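# Give me a model of this one.
(one chain, ligands or ions: 2)
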Amino acid sequence: MKFEEYKIAEGIKTSISKLGFKKPTDIQFKSIPPILRGEDVLAIAQTGTGKTAAFAIPVLHTLQDRKIKGRPDGVKCLVMVPTHELALQTENVFRVLGKHTRVKSFAIHGGVDQDPQIKQLNKGVDVLIATPGRMFDLVSQGALQMHRIEILVLDEADHMLDMGFIKDIRDLMKHLPRKRQTLFFSATINEQIKKIAYSLVSDAIRIQISPKDPVAKNIEHAVAFIEMDDKRFFLESVINNQPDQKILVFVRTKVRAERVKKALDRVNVQSETIHSDKEQEQRELTMQQFRSGSVKVLIATDISARGIDIPDVELVVNYDLPESPEYYVHRVGRTGRGTNKGQAISFCSKEEREMLGIIEEQLGKPIYRTEISKGFYRDTIEASKENEETDWQSLLDQEDEFQKKKKKKNKKSKG
Ligand code: ADP
Ligand code: MG
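Ligands and ions are numbered 1, 2, ... in the order given. Sure thing, here's the model as predicted:
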């Protein structure tokens, strides 16, 4: 089936073809019709399989079909996402796909001044993409009305329904009209969260693509056994072997992110970090630089593992193993997006073997082992710029130079 055959607005089809999408992905094929019919949907499909367009296309069609009378008449579709970056990215997908419609899409998130956001809301927004924090702030101030919402989308649904957010989501439901459409999208979901999702809707249609292997088939992923203190040498080696590749490096904590960056600085490898301690503006700038390729190596914590779509990330390095199998799926899922292929490698130390076992159990199969011979292991460490002999040599040279100058000076002062 081609997009042309869908009963959707011509303007949306034009945008789809401008994006170069030839045919719908599996998840788009399966979810667009029931969403157009107004059904509730719980859709689970691997990372990078086009879930955003799977809900954006039918939502845009449904809303542009409405007679949009005078504005402002309140938000009609609310899309909730976990991070600022994902909010902006999703806003962009809605704007690009909705370019030839009258649907107005807008993202709100914390970390920036709220007044311009309120102004925009007052002008009229049809599709609001929001992170929970700022959204609830605006609701409690009365700056955001919920009574016109016809469609609620939870992207990264398992995360949005997880403990930290569930109370907020339940409260939110109370503000929404009883008659509405609810859509859940994610690459991962467990039984408990699935139950919560079903409890929030009446008759959800469940759509699941390749449930057996949560890791997308475009991704080749492997693990290498490397001790904690040696990881930086292997990262340096991986980066230097592929100097033109875009590489996303995941670490467990913000402190580790900065430490890894410092280690790379020492060996003249340029990199940037992204984590929640950074200013929003800086985070956006870093993402832009990574998207454009002016920054090739980005070191990130798990916050950026959800949903972010940077089309040509060739390699994901799990410098540290993640804390949960879901995170593993989302991290490696930053590569191999759309029709691209991607690679991921995890550095696993002795201390992390247990976690590796847990991840593999959840994935339902072992992760491919990259064999590293003793010789190669030693060579990689020795080859590091950090351990290069020339460094010693230049230090010695400097010392020589210094001694010579000192002698000269002494002579002069004596003479
Ligand atoms: P997911 O949410 O499933 O992880 P995204 O919605 O972020 O995936 O989409 C991943 C990539 O696939 C994006 O770069 C998007 O432009 C591309 N894509 C989406 N739909 C199609 C399609 N029908 N054909 C080709 N590429 C697509
Ligand atoms: Mg997504």
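# going forward, measure contacts and count neighbours with C-alpha atoms only.
Will do.
# tell me, how many neighbours does Asp379 end up with?
Residues lying near Asp379 (other Cα atoms under 10 Å) number 12.
# Next one, pLDDT for it please.
Asp379 is assigned a predicted lDDT (pLDDT) of 94.
# Could you pull up phi and psi at it?
Torsion angles at Asp379 (phi, psi; degrees, to the nearest 10) stand at phi -60, psi -40.
# Tell me which residues touch the residue in the stretch 301-415 of the chain that ligand 1 sits nearest to, please.
Here the residue of the stretch 301-415 of the chain nearest ligand 1 is Gly338; by Cα to the nearest ligand atom that distance is 3.5 Å. By Cα atoms under 8 Å, 6 or more residues apart in numbering, Gly338 lies in contact with 48-50, 311.
# top of those residues by neighbour count?
Gly48 (25 neighbours).
# Test my guess that that one contacts Asn340.
No. At 9.2 Å, Gly48 and Asn340 do not qualify as touching, with contact defined as Cα atoms under 8 Å.
# Strands of the stretch 51-200 of the chain, start to end?
Taking DSSP state E, counting those that start in this stretch as the test, the strands found in the stretch 51-200 of the chain are 77-80, 105-108, 127-130, 151-155, 181-186.
# Return the most buried member of these.
strand 127-130 (a mean of 26; mean count of other Cα atoms under 10 Å).
# For it, list the C-alpha coordinates in CSV.
The C-alpha atoms that make up strand 127-130 are tabulated as CSV, following Å, rounded to 0.1, in the frame of the first residue of the first chain:
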residue,chain,number,x,y,z
VAL,A,127,-1.8,20.3,18.6
LEU,A,128,0.1,20.9,21.8
ILE,A,129,3.2,18.8,22.4
ALA,A,130,4.3,19.0,26.1
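# helices or strands next to it in the packing?
strand 77-80, helix 84-97, strand 105-108 (3 or more Cα pairs under 8 Å, 6 or more residues apart in numbering; DSSP states H and E).
# Pull out the CA atoms of the last one and give them to me as CSV.
Just to be clear, that refers to strand 105-108. This file holds the C-alpha atoms of strand 105-108, laid out as CSV (Å, rounded to 0.1, in the frame of the first residue of the first chain):
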residue,chain,number,x,y,z
SER,A,105,1.2,22.7,16.3
PHE,A,106,3.2,24.0,19.2
ALA,A,107,5.6,22.6,21.9
ILE,A,108,5.9,23.7,25.5
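# partner strands of that strand, parallel or antiparallel?
Using DSSP bridges, the strands paired with strand 105-108 are strand 127-130 (parallel).
# Tell me who's in contact with Pro177.
146-150.
# let's see it at 6 Å
Counting by Cα atoms under 6 Å, 6 or more residues apart in numbering, Pro177 makes contact with His147.
# And the pLDDT for it?
So, for Pro177, pLDDT stands at 91.
# Give me the distance between it and Phe136.
Taking Cα to Cα, to the nearest Å as the measure, Pro177 falls 17 Å from Phe136.
# how about TSV for the strands of the stretch 51-200 of the chain, with mean pLDDT added?
TSV is the format used below for the strands of the stretch 51-200 of the chain (pLDDT from 0 to 100):
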stretch	mean pLDDT
strand 77-80	97
strand 105-108	97
strand 127-130	97
strand 151-155	97
strand 181-186	96
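# tell me the SS of the residue most central in space within the chain?
When Cα atoms, centre = their mean is applied to the chain, the residue found nearest the centroid is Ile308 (2.7 Å). At Ile308 the chain is in coil, as set by DSSP: H, G, I helix; E, B strand; the rest coil.
# Can you pull the residues of the chain lying near ligand 1?
21-25, 47-53, 307, 309, 311, 337-338 (Cα under 6 Å from any ligand atom).
# Kindly recompute the last result at 5 Å.
Residues of the chain that fall close to ligand 1, judged by Cα under 5 Å from any ligand atom: 21, 24-25, 47-52, 309, 338.
# Among those, pick out the one closest to Phe347, please.
Nearest to Phe347 among the residues of the chain next to ligand 1 is Thr47, at 21.4 Å by Cα to Cα.
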